[in-house]
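>>> starting from these lines, generate the structure:
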Amino acid sequence: MKARQKDDIQNFIISNVEKHPKDITALTAVKFSVSRQAVLKHINKLIEENQLAVTGNTRDRAYSLKPIAVLSLELPLENLEEDIVWRERVSPLLKDAPDNINRICYYGFTEMLNNAIDHSNGQRVKITVERGLKDIQLTVADDGMGIFNKIQKEFGLHDILHAILELSKGKITTDPKRHTGEGIFFSSRIFDEFSITSGNLHFAHFSKPENIEGSDWLIENKTDTINGTKIYMKIGLIASRTTKKVFDYYSDDDFGFTKTNVPVFLAQYGEENLISRSQAKRLLTRFDRFKEIVLDFQDVESIGQAFSDEIFRVFQNEHPHINLSVIHANEQVAKMIKRAKSVL
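Numbers count the residues shown, from 1 in each chain. Below you'll find the model as predicted:
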């Protein structure tokens, strides 16, 4: 077997084993038209080199990537300084990562640890860092009151879901004298994966190389409740994204945070449809703080006339300087929006 093909096979295994932990052998054999035994030689070599881990017996065997470096520590939040934790404990594990990835990790980690220090009302924080062959994963978990609960109570919002909706827009903070409320928004956009888990709710944002705006998910876990707030961040080592590119995308010429992306599905409750003006007004809260708003209608099956009219006629007439744009709208949603705009 030629050295080039050997490298290609091993790179293919490393790149695909996470999505195919149990069938990576068969998948690789088909891809390169080689025998399963030949592929197993490469897999065993990667295991010997500490790049792959294996679990289970022959029939149920599963493979996974082994992290190159792992850090796990628990620290008291009192008098903790995020830049010192980064410089002394985290940064040494990532020193050989590309510069843009290092900057992304620095920004996200220090912003999220600072949030835990200043806002969580907790006593301790757990930090984990995994430096793998393909990516870097960072976790910051505090034992405080929980970010969704705190936002709801501080702003007198109706419920937790309304708090998550407001959090998704950016520019929200419970301490405006010292914070701008931009950290979570920008951190969620610079990482490939970013999630917040608190209570039994898991709110996640996934970015793609070709799409800065990405997509959002909200999952309710009825069997597991997390006290405090857990932030998870993941970035691939080959990602071309930069902090500057993301900041510039959501900023104007004066470097102000003037553009936001709002997942409209967060204005829904359960299986209800978005039909009322009250629902629209909830969605429109704090829109006047931005110059440009991208409304993402992913996972919104339909909207009513009153809901659409309140946003695309009433609000737009009252705020002509704000640019509203729409993405991922299905045919029904697009028709209702067009109808509202036609009577501007």
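
>>> quick one: the helices in the chain?
Remark: helices assigned in the chain by DSSP state H are 3-16, 24-32, 36-48, 82-85, 99-119, 147-155, 160-169, 183-190, 243-249, 277-284, 305-309, 316-318, 331-341.

>>> list the buried residues of the second one.
Buried residues in helix 24-32, counted by 16 or more other C-beta atoms under 10 Å: I24, T25, L27, T28, A29, F32. For glycine as for every other residue, the C-beta is placed from the backbone atoms N, C-alpha and C.

>>> still on that earlier bit, and the helices of the chain, which is most packed in?
Most buried of those by mean neighbour count (mean count of other C-beta atoms under 10 Å) is helix 183-190; its value is a mean of 23.

>>> how far does it sit from its chain's centre?
With C-alpha atoms, centre = their mean, to the nearest Å as the basis, helix 183-190 stands 8 Å off its chain's centre.

>>> could we number from 34 for the rest of this?
Understood, numbering begins at 34; the last thing we discussed is helix 216-223.

>>> nearest spatial neighbour of I344, chain-adjacent residues omitted?
Nearest-residue entry for I344: A313, 5.1 Å, with adjacent residues in sequence omitted and distances by C-beta to C-beta, 6 or more residues apart in numbering.

>>> got a list of what the one you found touches?
A300, L307, A339, F340, S341, E343, I344, F348 (C-beta atoms under 8 Å, 6 or more residues apart in numbering).

>>> switch the cut-off to 6 Å
F340, E343, I344 (C-beta atoms under 6 Å, 6 or more residues apart in numbering).

>>> mind listing what N294 touches?
E246, V327.

>>> check the burial of V158 by counting its neighbours.
Neighbour count of V158, defined by other C-beta atoms under 10 Å: 25.

>>> I'd say it and A149 touch.
Yes. Under the criterion of C-beta atoms under 6 Å, V158 makes contact with A149 at 5.0 Å.

>>> common neighbours of the two, please.
Each of D175 lies in contact with both V158 and A149 under the rule C-beta under 6 Å, 6+ apart.

>>> before we move on, the earlier item: how much space separates the residue nearest to I344 from R346?
Distance, A313 to R346, by C-beta to C-beta, to the nearest Å: 11 Å.

>>> need the pLDDT of the residue nearest to P242 when sequence neighbours are not counted.
Of all residues not flanking P242 in the chain, S273 sits nearest, at 6.4 Å (C-beta to C-beta, 6+ apart). pLDDT, S273: 92.

>>> D225 contacts L270, correct?
No. Checked against C-beta under 6 Å, the pair D225 and L270 is beyond contact range at 10.4 Å.

>>> indicate which one of the helices of the chain is closest to V295.
With respect to V295, and counting by C-beta to C-beta, the nearest of the helices of the chain is helix 193-202 at 5.6 Å.

>>> helices or strands next to that closest one in the packing?
Of the remaining helices and strands, those touching helix 193-202 by 3 or more C-beta pairs under 6 Å, 6 or more residues apart in numbering; DSSP states H and E are helix 180-188, strand 292-296.

>>> centre of the chain versus the first one, how much separation?
If I follow you right, that is helix 180-188. Worked out by C-alpha atoms, centre = their mean, helix 180-188 lies 20 Å from the chain centre.

>>> and the last one, by the same measure?
In terms of C-alpha atoms, centre = their mean, the centre of strand 292-296 is found 14 Å from the chain centre.

>>> adding distance to V123 and mean pLDDT as columns, could you present the helices and strands packed on helix 193-202 in CSV?
Output for the helices and strands packed on helix 193-202, formatted as CSV (distance: least, C-beta to C-beta, whole Å; pLDDT from 0 to 100):
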stretch, distance to V123, mean pLDDT
helix 180-188, 22, 93
strand 292-296, 29, 93
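
>>> and those as TSV, adding distance to L113?
Output for these, formatted as TSV (distance: least, C-beta to C-beta, whole Å):
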stretch	distance to L113
helix 180-188	18
strand 292-296	30
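
>>> the ones you listed: which one's closest to H53?
Proximity to H53 (C-beta to C-beta) singles out strand 292-296 among those, at 30.0 Å.

>>> residues in contact with I160?
L106, V173.

>>> V173 too?
Going by C-beta under 6 Å, 6+ apart, V173 touches M145, L146, A149, I160, I264.

>>> with T58 instead?
By C-beta under 6 Å, 6+ apart, the contact set of T58 is R69, V72.

>>> against L126, how distant is the residue nearest to T318 when sequence neighbours are not counted?
Leaving aside its sequence neighbours, T318 sits nearest to E199 (C-beta to C-beta, 6+ apart; 6.7 Å). To L126, E199 is 34 Å away according to C-beta to C-beta.

>>> quick revisit: tabulate the contacts of A313 (JSON lines), appending distance to G203 and pLDDT.
Formatted as JSON lines, the contacts of A313 follow (distance: C-beta to C-beta, whole Å; pLDDT from 0 to 100):
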{"residue": "F340", "distance to G203": "23", "pLDDT": "96"}
{"residue": "E343", "distance to G203": "22", "pLDDT": "97"}
{"residue": "I344", "distance to G203": "19", "pLDDT": "97"}
